[in-house]
Each structure stands twice: as structure tokens, then as C-alpha cells.
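Quick one, fold the following:
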Amino acid sequence: MARRFRYKPALLQKAQDWTLDGTILHGPDGQTDLRAATGLRLAERRFRGQLLRRLDIELPDTTTRIALNISADTAPSDPDRAEHFALIHAVASTPAEHQPGLSVSIGEGDGARMAMFAIGVLAIVFGLGIPIAALMTGVSPDRMIEASVPILALSGFGIWVALTNAPWRARPSLPASALPALLDSLEA
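Residues are numbered from 1 along each chain as shown. Okay, the predicted model is just below:
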């Protein structure tokens, strides 16, 4: 029996209709056979009062994204948030039944991670470059001491961002069979 879902993915977007019929997901961009999934990725980010939650279904030649971007203050009982949650939970339960060993990555994809890594490296470079440039231009030691706290903060931020998004570090992952329980804990 097909299950139907309808929600607005963001404030200024029109509502999207999704249908899950067994292992076939019909969405705004066409249909996806969940049995063909090579992996899943769950990303959730809270930033400036916004909640972005997305389940990506990775296929051999494309990726289907089921995303929601709303105010972080929105209650789980909000119709759009509840419908999105019901959809990603139903989609997550399908591979859990048919492909329990399928890998689920947690966090953003490679492009976003590389961008954040580059931001971290730039912060480190500026954190090191500012004192070197200051010394080369003859800035007094008193002014260097005053500038040391923000420069150290910039360098520390850069190190933290670069290390947490390092491309050589494996992304956290879990088997598809554990994804429904993880989703339940996000809305608890």
C-alpha cells in the first residue's frame, strides 16, 4: 500500500508531494528504487535559528535529497516538520528491512567538507601570516601582545575547523538497520 507525504521543504517553496510504494519512492524529481541505493547520508545542522535536516539516498548515478529547512524553534508537531520526519523515517525503514548492512553516513557530503576544510586552512594561514607581516613592517611589541589574543583565537578556530572537516578522516557511519532508532532520538 502506497503512503503519501506532503510538506513544504522551506518557507518560500511550494509543497512537495512524495509517495512511498513498497521500495519505490516517487518525488518531485522522479522515482527512486530504494533497493538500488548504494548508501544513505543523514545531515542535520542548526545555524542562525534555522534547522536543516536532510536524508540523501545515494544511487549509482544520482542522489535523491529529502530536505527540510525551517526555524529551529518549530515544534516537532508542526505539520511540515512532522510530515518530513514521517517521510524520512519511512524511507529509512525500507533499506533497514531490505538492506540492513547498507551504510549510512552522518554529516555533510564531500563538497561541503572540503569547503569547510579550506576555510580552516585559510584561518590558520591568516593566523600565522598576520604576526609575520606585523614583524616585517616594524609593529611595536606592545601592539603585537595586544593583537595576540584575537590572532590565537583565529588560529585555534582554523585548527578546529580544519581537523573536524579533514578530507582524510572517515565520516561517522552506522548500518541502515540503526537509522530508524537514530531518527527517533532526534525527534525525542
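
so which helix or strand takes in Ser77?
Using DSSP states H and E, Ser77 maps to neither a helix nor a strand.

Quick one: neighbours of it, just the number.
Ser77 has 8 neighbouring residues, counting by other C-beta atoms under 10 Å. Heads up, the C-betas are built off the backbone N, CA and C, glycines and all.

tell me the phi and psi of it?
Main-chain dihedrals, Ser77, degrees, to the nearest 10: phi -80, psi -10.

mind listing what it touches?
Going by C-beta atoms under 8 Å, 6 or more residues apart in numbering, Ser77 touches no other residue.

Give me the distance between it and Asn69.
Computed as C-beta to C-beta, to the nearest Å, the Ser77 to Asn69 distance reads 18 Å.

Ok, Asp78 next?
13 Å.

Identify the residue spatially nearest to the spatially most central residue of the chain, adjacent ones excluded.
Nearest to the geometric centre of the chain sits Ala43, at 3.0 Å (C-alpha atoms, centre = their mean). Closest residue to Ala43 apart from its sequence neighbours, by C-beta to C-beta, 6 or more residues apart in numbering: Arg54 at 4.8 Å.

Tell me what that neighbour is bridged to.
Judged by DSSP bridges, the bridge partners of Arg54 are Ala43, Ala67.

still on that earlier bit, next one, pLDDT for the residue nearest to the centre of the chain please.
According to the prediction, Ala43 has pLDDT 89.

what residues are up against it?
By C-beta under 8 Å, 6+ apart, the contact list for Ala43 reads 52-54, 56, 106-109.

how about 10 Å then?
By C-beta atoms under 10 Å, 6 or more residues apart in numbering, the residues touching Ala43 are 52-56, 65, 67, 105-109, 112.

tell me the least confident of those?
Lowest pLDDT of the contacts of Ala43: Gly109, 69.

care to break this structure down by domain?
3-107+171-187, 110-164 (automatic domain parsing).

for those, which one ends up most surrounded?
domain 3-107+171-187 (a mean of 16; mean count of other C-beta atoms under 10 Å).

start to end distance for it?
End-to-end distance for domain 3-107+171-187: 21 Å, by C-alpha to C-alpha, to the nearest Å.
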